[in-house]
Every structure is written in C-alpha cells, then in structure tokens.
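Enquirer: sequence-free structure coming up:
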Ligand SMILES: [Zn+2]
C-alpha cells in the first residue's frame, strides 16, 4: 500500500524545470470535499487552475478504488493526505455492484496468441477484438521513464517501450524496470541506438544502430527484443528492412494512432489524441520524452476502462514466429 504515497510523490515530482508551466502551488490546498469512490469522469471542461489538483485527487481515488475492487478489501488505510479518505463515510465506498470502478482488464490468455502476419510493417493488431497496444518510445527524459514505469506498477497497464539505448534513462531506471520486464508486463523493443533517420545512412551505420542497441538490451535487461523494432520517425526502405532482418528484426512496428507527444504539447491535447486513437486493435505510439503525459495517466485509464479495452504488449498478442 506504500505505492499510493509513491504515486503522490510521483505526481508531485514529474515536472521537469523549464519544460512546463503547470502550477504546483495550489496542490496542498485543503479541500472541503471528501473524495468519493465513484468512477471519475473527465471532460474537456476540466481546465483551469484547480483542474490538476482535481485530477490528482481523482487519480488517487480511482487507484484506491480499483485496488479495492481488485483485491476485495473493505477498507482503505493508506493515503498521503489521510483526511481525503478518512472523511469519506464507509457507505460511499463502492467495492462491488454497478457503481464500483473496474480495474484494467487482464491480457488475453497465452493460448489466444496469433501468428505474426508477416509481409511488411505491423500497424495494427489484426482481426476483431478488444486489444490496445500502447507503445512508448525513446526515453529522452529519465523522470518520464520512471513515471511510466510507476504508472504500470500502479495500474497494471501493459506497455511496450521502444528503447534508444543512448539515453541514460535506461540504465538509471533499470532496477525499477527489470522486474516488470521479467514479468512480461513491459516489453522492450529496439528503436535503434541513437534515433537517426536510417534511410539517410549507409548499410554499415544502419547495422551499427540496430546491432548496438540489440546488444545494449541484452546486456542491460537480459532480453532479446527480436523480432520487434521501430524505425525512428517511421522511416524505412528496402535496404533498412533488409539490414534489420539480418539481425532477426523482421517486424517493423509502426502504429495506427499517436499521442503526438514526441514534442511538448498540452495535457489536454494528449487526452484528445488518446480519445481519438485508443480504439480496439490499435497500436498507439507515445513518447518517454516530456512530462505532460505523466500528468494525465488517470484520464488515459478512464478512456481505456470506459471502452473495455485490454492493454497488451506485442508478445501478449503474437507468437514469436511469423
Ligand atoms: Zn522515436
């Protein structure tokens, strides 16, 4: 249960100086209203100075309630600001029935995995279903990698990280990330060593970019990322594909939707993109580069829950051989 304190600390600390203008001074303002355990609803009208405070409280409430729903516990005992929960009468806590929030759905059973389609890039999950593959790239900002990993720990969301080994985030967060990699909740894919446009490079340099990152992932996390790789900027050609395939990277993994956060954009725009692209069988791309996305995790969870989507890694979906 210590994790709730960790979440609060996370939410309070993910802002990197100079990269955002999100006000923080209101965060400790006391509230007259206890948090209630109903499914939080977010809308485009959640704006203004009190919005992030409200969202933070909703997130804590939603997480706590999800945990209650998940483990069947009758009481909530931990909160960084005990008054918010302590003041909520027991009767308001919905732990079952139609008003209880649902935890994120588990992945499908291993027996449901399907062969890789083969024959070119993967842009979405084939067939009809309820799956969502959220794939998150780069790792420019170590705090964002940490926050995403904590998000996975807190909610059970399943993610694929496309790693550029050059960023120190991948060694700095190793100890936190390794157990989730080992359990399969977070999958690591190859996104090249330092994120060049591979179509501008000679063969040897393409090979170096893919091979060096492959070795980095093996050495640091003990995993083989094959066959999944993602070309930086989505740029590839026949030569690039052939060099990647020589290493066993036979599945260029693109996407069907994007959170559009490879550069700094607003939190509301990220949510708008999630609303647009979190759809059944989608592969959605996001980035481990800028803090705004770390402020909207509860809103992302809300969308996933409302649509009854099942988050998956690529290995949750596909058998390893085409
Ligand atoms: Zn990238």
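Expert: Right, received. Where do you want to start? Bear in mind that the values here come from a model prediction, so they are computed numbers and not experimental data.

Enquirer: contacting residues around the residue in the stretch 1-150 of the chain that the ion sits nearest to?
Expert: Using C-beta to the ion, the closest approach of the stretch 1-150 of the chain to the ion is made by residue 137 at 4.1 Å. All C-beta spots, glycine's among them, are computed from the backbone N, C-alpha and C. Applying C-beta atoms under 8 Å, 6 or more residues apart in numbering to residue 137 gives the contacts 161-162, 164, 191, 230, 262, 285-288.

Enquirer: And residue 278, by the same measure?
Expert: 132, 257, 284, 300, 303-304, 307, 309.

Enquirer: same check, this time on residue 197
Expert: Residue 197 touches 232-233, 235, counting by C-beta under 8 Å, 6+ apart.

Enquirer: out of these, who's nearest residue 280?
Expert: Each of the contacts of residue 197 was scored against residue 280 by C-beta to C-beta, and residue 233 proved nearest at 26.6 Å.

Enquirer: how far away is the residue lying closest to that closest one once chain neighbours are set aside from residue 272?
Expert: Excluding its sequence neighbours, the residue lying closest to residue 233 (C-beta to C-beta, 6 or more residues apart in numbering) is residue 197, at 5.7 Å. Distance, residue 197 to residue 272, using C-beta to C-beta, to the nearest Å: 28 Å.

Enquirer: swap in residue 152?
Expert: Counting by C-beta to C-beta - residue 152 and residue 272 are separated by 23 Å.

Enquirer: So if I had to pick from the two, which one is more boxed in?
Expert: Taking other C-beta atoms under 10 Å, residue 152 and residue 272 do not tie; residue 152 has more neighbours (20 against 15).

Enquirer: I'd guessed that one sits against residue 186; true?
Expert: Yes. Judged on C-beta atoms under 8 Å, residue 152 makes contact with residue 186 at a distance of 5.8 Å.

Enquirer: Mutual contacts of those two, please.
Expert: With C-beta under 8 Å, 6+ apart, residue 152 and residue 186 have common neighbours 158-159, 180.

Enquirer: Residue 144 is in what secondary structure piece?
Expert: Assigned by DSSP states H and E, residue 144 falls within helix 142-155.

Enquirer: which of the residues in that helix are buried?
Expert: For helix 142-155, a neighbour-count test (16 or more other C-beta atoms under 10 Å) marks 142-155 as buried.

Enquirer: for stretch 276-294, same thing?
Expert: Neighbour-count burial for stretch 276-294 [16+ other C-beta under 10 Å]: 277-278, 280-294.

Enquirer: what's the answer for stretch 233-248, then?
Expert: By 16+ other C-beta under 10 Å, the buried positions in stretch 233-248 come out as 236, 240-241, 243-244, 247.

Enquirer: closest to the ion among these?
Expert: residue 236 (12.8 Å).

Enquirer: Which strand residues bridge the spatially closest residue to the closest one that is not a sequence neighbour?
Expert: Closest residue to residue 236 apart from its sequence neighbours, by C-beta to C-beta, 6+ apart: residue 252 at 5.7 Å. Residues in a beta bridge with residue 252, per DSSP bridges, are residue 229.

Enquirer: let's have the chain start at 700 instead
Expert: I'll keep to 700 as the first residue from here, and by that count the last item is residue 951.

Enquirer: Report whether the expected contact of residue 951 with residue 942 is present.
Expert: No. Look at residue 951 against residue 942 with C-beta under 8 Å: they stay out of range, at 11.5 Å.

Enquirer: residue contacts, the residue nearest to residue 935?
Expert: Under the criterion of C-beta under 8 Å, 6+ apart, the neighbours of residue 951 are 819-821, 928-930, 935, 940, 943.

Enquirer: per-residue pLDDT, it?
Expert: Per-residue confidence (pLDDT) for residue 951: 98.

Enquirer: Please tell me how far it sits from residue 885.
Expert: Separation of residue 951 from residue 885 (C-beta to C-beta): 21 Å.

Enquirer: coming back round to it: out of the buried residues of stretch 975-993, which sit inside strands?
Expert: 981-986 (DSSP state E).

Enquirer: Of these, just say which sits nearest to the ion.
Expert: Set against the ion, the nearest of these by C-beta to the ion is residue 986 (6.8 Å).

Enquirer: wait, isn't the closest one in contact with residue 959?
Expert: No. Residue 986 is not in contact with residue 959 according to C-beta under 8 Å; the separation is 9.0 Å.

Enquirer: Please name the residues that touch the closest residue to residue 803 other than its chain neighbours.
Expert: Spatial nearest neighbour of residue 803, excluding adjacent residues (C-beta to C-beta, 6+ apart): residue 855 at 5.0 Å. By C-beta under 8 Å, 6+ apart, the residues touching residue 855 are 802-803, 805, 884.
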